[in-house]
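Engineer: need a 3D model of the sequence below.
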Amino acid sequence: MGIGIYLASRLVKQPLNEMVRDLLKLTKGDVDIKITDKYSNRKDEVGMLANSINSLALNLNNMIRDVKDNSRNMNRISQELDNIMQ
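Structural biologist: Model prediction:
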(Lines give C-alpha, C1' and ligand atoms only; values in the text may rest on other atoms or scores of the structure.)
Protein backbone atom coordinates (compact mmCIF):
# COMPACT_ATOMS: atom_id res chain seq x y z
CA MET A 1 0.00 0.00 0.00
CA GLY A 2 2.85 2.39 0.81
CA ILE A 3 4.36 1.94 -2.65
CA GLY A 4 0.99 2.63 -4.27
CA ILE A 5 0.59 5.87 -2.35
CA TYR A 6 4.15 6.88 -3.21
CA LEU A 7 3.62 6.24 -6.92
CA ALA A 8 0.26 8.01 -6.94
CA SER A 9 1.68 11.05 -5.19
CA ARG A 10 4.60 11.11 -7.61
CA LEU A 11 2.19 11.08 -10.59
CA VAL A 12 0.63 14.26 -9.23
CA LYS A 13 3.48 16.00 -7.42
CA GLN A 14 6.02 16.08 -10.25
CA PRO A 15 3.65 17.60 -12.84
CA LEU A 16 2.37 20.12 -10.31
CA ASN A 17 5.92 21.19 -9.46
CA GLU A 18 6.72 21.69 -13.15
CA MET A 19 3.51 23.64 -13.73
CA VAL A 20 4.23 25.86 -10.71
CA ARG A 21 7.66 26.63 -12.18
CA ASP A 22 6.03 27.59 -15.48
CA LEU A 23 3.42 29.71 -13.73
CA LEU A 24 6.20 31.56 -11.91
CA LYS A 25 7.79 32.28 -15.30
CA LEU A 26 4.42 33.56 -16.47
CA THR A 27 4.17 35.93 -13.48
CA LYS A 28 7.57 37.34 -14.47
CA GLY A 29 6.36 38.14 -17.98
CA ASP A 30 7.43 35.04 -19.88
CA VAL A 31 4.25 34.40 -21.85
CA ASP A 32 5.94 31.89 -24.15
CA ILE A 33 5.54 29.02 -21.73
CA LYS A 34 3.88 25.78 -22.78
CA ILE A 35 3.18 22.87 -20.50
CA THR A 36 4.57 19.73 -22.08
CA ASP A 37 2.23 17.38 -23.94
CA LYS A 38 3.23 14.72 -21.46
CA TYR A 39 0.91 16.48 -19.02
CA SER A 40 -1.56 18.29 -21.27
CA ASN A 41 -2.53 15.03 -22.99
CA ARG A 42 -3.52 13.44 -19.70
CA LYS A 43 -7.24 12.87 -19.22
CA ASP A 44 -7.28 13.74 -15.53
CA GLU A 45 -7.15 16.89 -13.43
CA VAL A 46 -3.45 17.31 -14.16
CA GLY A 47 -4.23 17.40 -17.89
CA MET A 48 -7.06 19.85 -17.33
CA LEU A 49 -4.78 22.13 -15.32
CA ALA A 50 -2.01 21.88 -17.93
CA ASN A 51 -4.43 22.80 -20.71
CA SER A 52 -5.80 25.71 -18.68
CA ILE A 53 -2.30 27.07 -18.12
CA ASN A 54 -1.48 26.68 -21.82
CA SER A 55 -4.69 28.53 -22.74
CA LEU A 56 -3.91 31.29 -20.27
CA ALA A 57 -0.39 31.75 -21.67
CA LEU A 58 -1.68 31.73 -25.26
CA ASN A 59 -4.40 34.28 -24.46
CA LEU A 60 -1.93 36.55 -22.67
CA ASN A 61 0.46 36.24 -25.59
CA ASN A 62 -2.33 37.21 -28.02
CA MET A 63 -3.39 40.15 -25.84
CA ILE A 64 0.16 41.47 -25.67
CA ARG A 65 0.54 41.10 -29.44
CA ASP A 66 -2.74 43.00 -29.96
CA VAL A 67 -1.66 45.81 -27.63
CA LYS A 68 1.65 46.12 -29.48
CA ASP A 69 -0.12 46.16 -32.85
CA ASN A 70 -2.60 48.77 -31.65
CA SER A 71 0.22 50.87 -30.25
CA ARG A 72 2.06 50.76 -33.56
CA ASN A 73 -1.12 51.72 -35.41
CA MET A 74 -1.77 54.62 -33.05
CA ASN A 75 1.80 55.81 -33.48
CA ARG A 76 1.48 55.62 -37.28
CA ILE A 77 -1.83 57.52 -37.23
CA SER A 78 -0.34 60.11 -34.90
CA GLN A 79 2.56 60.63 -37.30
CA GLU A 80 0.18 60.94 -40.23
CA LEU A 81 -1.92 63.52 -38.37
CA ASP A 82 1.20 65.41 -37.40
CA ASN A 83 2.29 65.51 -41.05
CA ILE A 84 -1.14 66.77 -42.12
CA MET A 85 -1.09 69.52 -39.50
CA GLN A 86 2.27 70.89 -40.67
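Engineer: can you give me the helices for this structure?
Structural biologist: With helices called from DSSP state H, the chain shows them at 2-27, 37-40, 45-85.
Engineer: tell me which of those helices sits most buried.
Structural biologist: The highest average neighbour count among those, using mean count of other C-beta atoms under 10 Å, belongs to helix 37-40 at a mean of 16. All C-beta atoms are positioned from the backbone trio N, CA, C, and that covers glycine.
Engineer: so which elements touch that one?
Structural biologist: Here helix 37-40 touches helix 2-27, helix 45-85, going by 3 or more C-beta pairs under 8 Å, 6 or more residues apart in numbering; DSSP states H and E.
Engineer: could I get the helices of the chain as CSV with mean pLDDT?
Structural biologist: As requested, the helices of the chain are exported to CSV (pLDDT from 0 to 100):
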stretch, mean pLDDT
helix 2-27, 89
helix 37-40, 94
helix 45-85, 95
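Engineer: nearest to the spatial middle of this protein, which residue is it?
Structural biologist: By C-alpha atoms, centre = their mean, the chain has its centre lying nearest to Ala57, at 1.8 Å.
Engineer: residues contacting that residue?
Structural biologist: By C-beta atoms under 8 Å, 6 or more residues apart in numbering, the contact list for Ala57 reads Leu26, Val31, Asp32, Ile33, Lys34.
Engineer: highest neighbour count among those residues?
Structural biologist: Scoring the contacts of Ala57 on neighbours with other C-beta atoms under 10 Å, the highest-scoring entry is Ile33 at 19 neighbours.
Engineer: quick check on that one: phi, psi?
Structural biologist: As for Ile33, its main-chain torsions (degrees, to the nearest 10) stand at phi -80, psi 150.
Engineer: quick one: the spatially closest residue to it that is not a sequence neighbour from Val31, how far?
Structural biologist: Among residues not flanking Ile33 along the chain, Asp22 sits closest, at 4.5 Å (C-beta to C-beta, 6 or more residues apart in numbering). Remark: distance between Asp22 and Val31 (C-beta to C-beta, to the nearest Å) = 11 Å.
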